[in-house]
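**Student:** structure, please.
(2 chains)
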There are 2 protein chains.
Amino acid sequence: MSSSKAYLAIIGVGGVGQCFLRQLSSLPSSQRPSLIFVSRSSKQLYNSSYAPVSASDLQSSSSDILSLPQIADYLSSAPGKVVLVDNTSNQDVADSYPSFLSQGISVVTPNKKAFSSTLELWDGIFDAVGAGKAMVYHESSVGAGLPVISTLNDLVKTGDKVKKIEGVFSGTMSFLFNSFAPADGAGGGAKWSEIVAQAKDAGYTEPDPRDDLNGMDVARKCTILARLAGLRVKGPSDFSVQSLIPKELEGAGSAEEFMQRLPEFDAEMEGYKEKAAKEGKLVRYVGKIDVEAGTVSVGLEMVEKSGPIGGLKGSDNLICFYTERYGSNPLVVQGAGAGGEVTAMGVTADLIRVLERMR
Amino acid sequence: MSSSKAYLAIIGVGGVGQCFLRQLSSLPSSQRPSLIFVSRSSKQLYNSSYAPVSASDLQSSSSDILSLPQIADYLSSAPGKVVLVDNTSNQDVADSYPSFLSQGISVVTPNKKAFSSTLELWDGIFDAVGAGKAMVYHESSVGAGLPVISTLNDLVKTGDKVKKIEGVFSGTMSFLFNSFAPADGAGGGAKWSEIVAQAKDAGYTEPDPRDDLNGMDVARKCTILARLAGLRVKGPSDFSVQSLIPKELEGAGSAEEFMQRLPEFDAEMEGYKEKAAKEGKLVRYVGKIDVEAGTVSVGLEMVEKSGPIGGLKGSDNLICFYTERYGSNPLVVQGAGAGGEVTAMGVTADLIRVLERMR
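**Tutor:** Next up is the predicted model:
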């Protein structure tokens, strides 16, 4: 464990980014890397001497704006090893990971797009990692700080045979369905459109709830897990994803218009709920990766009340790993899978791992 | 990530050890460290030139038997970095960890005794790690391969405030109570002594079931988690542990005698079960670490049927982390917490981490 100075670059200091900065500042000073680059939207802060900068000075910065290739050049010339923390969900930044990695800059990120877009990008990232000059860690790309990626990687690396991965991968979907069709039947009288409206008002959905209801967030997470389990999934449009945006409302202009017309969909959702109830089951929005069959699916499922998914509460995520070693009872990880603090926790823990490996 | 040759020493090639050897052999050869020492009971195999040895030659080995200090001397003179994998539950080997670590030999182990005995040993281990010459990883000391230790360490290191840890930490206890008082009431007619006898016959308990029923295994695991969460617990006898061995049977000679007299205890156990049932609850054997109050307790609890512990099946373990970040819904990890393959998985995954950090 030789000692060489570690440098840190941060792209994105919004919601997750602010939580990350707070967690970073609570690390022992001996473990904190030297911050040499920070950016947000159209502001950047850095200096040619690689002297430490402070994220709080970003707003008043007058640094010239570097392009992504220029950022990579700047960082790769630093007088020590560099970790880039990307706290955005930006596709352009994700597309640059292979370039950063091949220039020796390690990447830590919750950015799902990097691992769920094209297979070319996926291969570009992991080929660069395989070349051994830099590392990539992305725990928070699925389930925020829950130990999902690390657990799956451990199962695979130690030679277990992952047969199926199944779960609830969206805090928003979890909340909507746990409210719409609660396991204990209590308070389950509200219509689907009312539940969505309440969730929107409480800030539990994206500003436009269609960004949750289209299922793409879940599909991206399933793409990531499927690939880590060994399936060559081309992307989230490579498999069946059930959108909860009715066909008739796909063109419904603004989020407000969409919400106004959502009650037209209530009868259909009530139908799913009743059909499940007749079988003594619950309707839930489930992601499923059948590794043995080589298939991925995302959409409504009828689940057992007494099963792990049926027992879920609030906006919790739940991920079940069915493997050869674990047999009929899966390895289960459960808890909050969204939110600034828990997402940042995955990022900070990953950063600590990268720094430990750099020493 | 400089490259230096890594060497491996293994103490213990019994049940877990055999599974570990199989998992090790499935790693890519470029990642496999060179085995230079292996031992089991009174056999050892090594050579003074640090040439690779094969575990399968151990039985026919005529190597002189080295004492633990001599093993440490031998390994510390190897021409590269060394990891010792201790697959035993031996106190003497555990007591030697500080000496191994301070001589630069990293340790990977499922050996609970190393982390649940005296605080002096605990401090000796982590002071040696803090000196920075070697690492210690012990995921499988609690919950076998389930991500328990790594998750707790991540929570603590990233600055979350762990308030309470609660769960079912023994596969045997889990099986006994899930059979004795099942959540769905089905098949719950058998007497406690009958359930224990069935479990013993099926090999689900230790050869002498008292080694499970005394609660010490759970108390050791709770000691480890409490210490990682920051409590200076002196050891498993530093807090209240409810033994399920009736006082009258403590002196009951052999395991057979104990099993013969266990029915005397059936009425008392039936009483616990009925008391819980009257409140609509279930009796379970629970470990609880209240970090805020600074207390640890192990014993029978009445739990909600609809709660996480009430939903447990088979011989699964379940660990709930209640923290500031995760709020009222805990981070939960669940699955098989015992067995050769899943215990070895935690060891192999830890070994991979140590090797990654050595590169």
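
**Student:** for residue A:351, see how far away residue A:31 is.
**Tutor:** Between residue A:31 and residue A:351 the computed distance is 10 Å (C-beta to C-beta, to the nearest Å). The C-beta positions use only the backbone N, C-alpha and C, and glycine is treated the same way.

**Student:** what does residue A:39 give?
**Tutor:** Going from residue A:39 to residue A:351 by C-beta to C-beta gives 17 Å.

**Student:** returning to what we had before: quick check on residue A:31 and residue A:351: which one has the bigger neighbour count.
**Tutor:** Neighbour totals were compared for residue A:31 and residue A:351, and residue A:351 leads with 25 against 14 (other C-beta atoms under 10 Å in any protein chain shown).

**Student:** which SS class is that one?
**Tutor:** helix (DSSP: H, G, I helix; E, B strand; the rest coil).

**Student:** and residue A:245, what is it in contact with?
**Tutor:** When contacts are counted by C-beta atoms under 8 Å, 6 or more residues apart in numbering or on different chains, residue A:245 touches A:210, A:213, A:214, A:258.

**Student:** name the nearest of the residues you listed relative to residue B:231.
**Tutor:** Lowest distance from residue B:231 to these (C-beta to C-beta) belongs to residue A:213, with 45.0 Å.

**Student:** contact partners for that closest one?
**Tutor:** Neighbouring residues of residue A:213 by C-beta under 8 Å, 6+ apart: A:196, A:243, A:244, A:245.

**Student:** and the gap between it and chain B?
**Tutor:** Residue A:213 sits 23 Å away from chain B, taking C-beta to the nearest C-beta, to the nearest Å as the criterion.

**Student:** can you check residue A:29 too?
**Tutor:** Residue A:29 sits 14 Å away from chain B, going by C-beta to the nearest C-beta.

**Student:** against chain B, how distant is residue A:30?
**Tutor:** Shown here: residue A:30 relative to chain B, a distance of 11 Å by C-beta to the nearest C-beta.

**Student:** hang on, the earlier thing: pull out the buried members of the contacts of residue A:213.
**Tutor:** Burial by neighbour count, 16 or more other C-beta atoms under 10 Å in any protein chain shown: within the contacts of residue A:213 this picks out A:196, A:244, A:245.

**Student:** these in helices, which ones?
**Tutor:** Among the buried ones among the contacts of residue A:213, the members falling in helices (DSSP state H) are residue A:196.

**Student:** show me which residues of the stretch 51-200 of chain A sit near chain B.
**Tutor:** Within reach of chain B by C-beta under 8 Å from any C-beta of the partner chain, the stretch 51-200 of chain A has these residues: A:132-133, A:145-147, A:150-151, A:154-155, A:157-160, A:183-184.

**Student:** identify the farthest-apart pair in those.
**Tutor:** Maximum pairwise distance in these, criterion C-beta to C-beta, is 53.7 Å, between A:133 and A:184.

**Student:** neighbour count: the two, which is higher?
**Tutor:** More crowded of residue A:133 and residue A:184, by other C-beta under 10 Å: residue A:133, with 16 against 8.

**Student:** contacts only, for that one.
**Tutor:** By C-beta under 8 Å, 6+ apart, the neighbours of residue A:133 are A:101, A:102, A:103, A:104, B:1.

**Student:** so what's the residue count around the closest residue in space to residue A:191 that isn't next to it in sequence?
**Tutor:** Counting by C-beta to C-beta, 6 or more residues apart in numbering or on different chains, residue A:266 is the residue found nearest to residue A:191 once chain neighbours are left out, at 4.6 Å. Residues within reach of residue A:266, counting by other C-beta under 10 Å, total 16.

**Student:** middle-most residue in chain A, spatially?
**Tutor:** With distances taken as C-alpha atoms, centre = their mean, residue A:141 lies nearest the centre of chain A, 2.8 Å away.

**Student:** could you give the number of residues near the residue nearest to that one when sequence neighbours are not counted?
**Tutor:** Counting by C-beta to C-beta, 6+ apart, residue A:141 lies nearest to residue A:112, which is 4.9 Å off, once chain neighbours are set aside. If you count neighbours by other C-beta under 10 Å, residue A:112 ends up with 21.

**Student:** residue A:112 contacts residue A:140, doesn't it?
**Tutor:** No. Counting by C-beta atoms under 8 Å, residue A:112 stays clear of residue A:140, with 9.1 Å between them.

**Student:** give me the below-cutoff pLDDT ranges for chain A.
**Tutor:** By pLDDT under 70, the low-scoring segments of chain A are A:1-3, A:186-188.

**Student:** 50 - rerun?
**Tutor:** Low-confidence segments of chain A (pLDDT under 50): A:1-3.

**Student:** domains in it, by residue range?
**Tutor:** A:6-145+A:341-358, A:149-336 (automatic domain parsing).

**Student:** quick check: which element contains residue A:332?
**Tutor:** strand A:331-336 (DSSP states H and E).

**Student:** hmm, I typed the wrong one, I wanted residue A:63.
**Tutor:** Counting by DSSP H and E, residue A:63 is part of no helix or strand.

**Student:** what's the burial count for it?
**Tutor:** When neighbours are counted by other C-beta under 10 Å, residue A:63 registers 17.

**Student:** helices of the stretch 151-300 of chain A, residue ranges please.
**Tutor:** A:171-180, A:192-201, A:210-213, A:216-228, A:255-261, A:266-278 (DSSP state H, counting those that start in this stretch).

**Student:** for the last one, name the packing helices and strands.
**Tutor:** In terms of contacts (3 or more C-beta pairs under 8 Å, 6 or more residues apart in numbering or on different chains; DSSP states H and E), helix A:266-278 is packed against helix A:192-201, strand A:281-290, strand A:295-304.

**Student:** how far off helix A:192-201 does it point, in degrees?
**Tutor:** Going by axes from the mean of the first three to the mean of the last three C-alpha atoms, to 10 degrees, helix A:266-278 is angled at 100 degrees with respect to helix A:192-201.

**Student:** tell me the buried residues in helix A:266-278?
**Tutor:** Using 16+ other C-beta under 10 Å as the test for burial, helix A:266-278 gives A:266, A:269, A:272, A:273, A:276, A:277.

**Student:** and it with helix A:171-180, angle?
**Tutor:** Orientation check (the same axes, to 10 degrees): helix A:266-278 against helix A:171-180 gives 70 degrees.

**Student:** which residues touch helix A:266-278?
**Tutor:** Helix A:266-278 has contacts (C-beta under 8 Å, 6+ apart) with A:180, A:181, A:191, A:192, A:193, A:246, A:282, A:283, A:300, A:302.

**Student:** any idea which of those is closest to residue B:290?
**Tutor:** Of all those, residue B:290 sits closest to residue A:282, with 33.4 Å by C-beta to C-beta.

**Student:** I'd say that closest one and residue A:181 touch.
**Tutor:** Yes. Using C-beta under 8 Å, residue A:282 makes contact with residue A:181 at a distance of 5.4 Å.

**Student:** what's the neighbour count on residue A:247?
**Tutor:** Residue A:247 has 7 neighbouring residues, counting by other C-beta under 10 Å.
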